[in-house]
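Student: Give me coordinates for this.
(one chain, ligands or ions: 1)
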Amino acid sequence: MEPRPSIRLSGVTKRFGDLVALDGVDLDIAPGEIFGILGRSGAGKSTLLRTVNLLTRPDEGTVEVDGVELTTLRGRELRASRAKTAMIFQHFNLLSNRNAASNVALPLRFRGVPRAARRERALELLDLVGLSDKAKAYPGQLSGGQRQRLAIARALSASPAVLLSDEATSALDTDTTDEILDLLARLNRELGLTILLITHELEVITRICHRAAVMEEGRFVEIGAVPELLADPDSRLGGQARRLAARLLGDEVAL
Ligand SMILES: Nc1ncnc2c1ncn2[C@@H]1O[C@H](COP(=O)(O)OP(=O)(O)OP(=O)(O)O)[C@@H](O)[C@H]1O
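Tutor: Presented below is the predicted three-dimensional model:
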């Protein structure tokens, strides 16, 4: 029997006035999978990601996380189920007036975790993301890559089963992007964390995603295992990869 999906979207539709931002999206993501959604600006990626924790409520369709249908929940029950997911962002969304340990510990404070336990967990998480020497540093004293590590540590504070990543590497240079992607891949392996990410960068998909979908106008126009899509001469993902290689190598033969 197939394991219960970590995330299941069925017929998810979202309209903004006359605009159909999501058009009946179906998606199953397995526990421990890294799934990437690639698409141009305006394709509907952010709207889709935000339906998974119901920051955006779909007009039609259902959203299940870990077997719980979020679309039927409200108030306290919804907040409790939302804790199974955490989110990271392009611009980190850290609190600039709190040091690194305090940024990580704050969500635990809201959950009523006692001070000593909060501190211990914060230091453990900073260590996990390679920032154990930065506990007292403020976000303004950290590099972009270190800030994203800190945001990842904070996202993991309540031990979510699912991490949602909204263009988390888009503001970073290539080497730092690779470091953050490698960190996400390690957390996926070591913690069994399911990761759903959206990106407009092909390299993010090819470096860490097990499966991917290409999104256009609120629909998936392609979905599959990344190695298979890359090897398929007719796939959009493969086509993009070959065009990128040709550009980088300046070699039309690669097309
Ligand atoms: N709150 C909103 N009100 C009205 N229209 C919206 C709203 N949010 C998104 N849209 C529209 O829905 C469509 C999909 O937007 P979305 O942000 O999901 O795309 P995206 O693929 O994430 O793009 P980007 O990469 O630029 O963030 C766009 O046409 C956008 O203008």
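
Student: CA only for contacts and neighbour counts going forward, please
Tutor: Fine.

Student: Looking from the ligand, tell me which residue of the stretch 51-200 of the chain is nearest.
Tutor: Relative to the ligand, the nearest point of the stretch 51-200 of the chain is residue 200 (6.7 Å; Cα to the nearest ligand atom).

Student: didn't that residue look like it was pressed against residue 38?
Tutor: Yes. Using Cα atoms under 8 Å, residue 200 is in contact with residue 38, at 5.3 Å.

Student: Between the two, point out the one with more neighbours.
Tutor: With neighbours defined as other Cα atoms under 10 Å, residue 200 and residue 38 compare such that residue 38 has more, 23 against 17.

Student: Now do the more buried one against residue 144, distance only.
Tutor: According to Cα to Cα, to the nearest Å, residue 38 stands 23 Å off from residue 144.

Student: In space, not sequence, find me the middle residue of this protein.
Tutor: With distances taken as Cα atoms, centre = their mean, residue 165 lies nearest the centre of the chain, 2.0 Å away.

Student: May I have the residues that are in contact with that residue?
Tutor: Contact analysis of residue 165 by Cα atoms under 8 Å, 6 or more residues apart in numbering lists 87-89, 195-198.

Student: which residues of this protein score low on pLDDT?
Tutor: Residue ranges of the chain with pLDDT under 70: 1, 251-255.

Student: The same query, at a cut-off of 50, please.
Tutor: Where the chain drops to pLDDT under 50, the residues are 254-255.

Student: helices or strands next to the longest helix anywhere in it in the packing?
Tutor: Secondary structure of the chain read by DSSP state H shows that its longest helix is helix 174-191. With contacts taken as 3 or more Cα pairs under 8 Å, 6 or more residues apart in numbering; DSSP states H and E, helix 174-191 sits against helix 144-155, helix 202-208.

Student: So for residue 245, which of those sits nearest?
Tutor: Closest approach to residue 245 among the helices and strands packed on helix 174-191 (Cα to Cα): helix 202-208, 11.2 Å.

Student: can you list the residues of this protein near the ligand?
Tutor: Residues of the chain lying near the ligand by Cα under 6 Å from any ligand atom: 16, 21, 39-47.

Student: rerun at 5 Å
Tutor: Within reach of the ligand by Cα under 5 Å from any ligand atom, the chain has these residues: 16, 21, 41-47.
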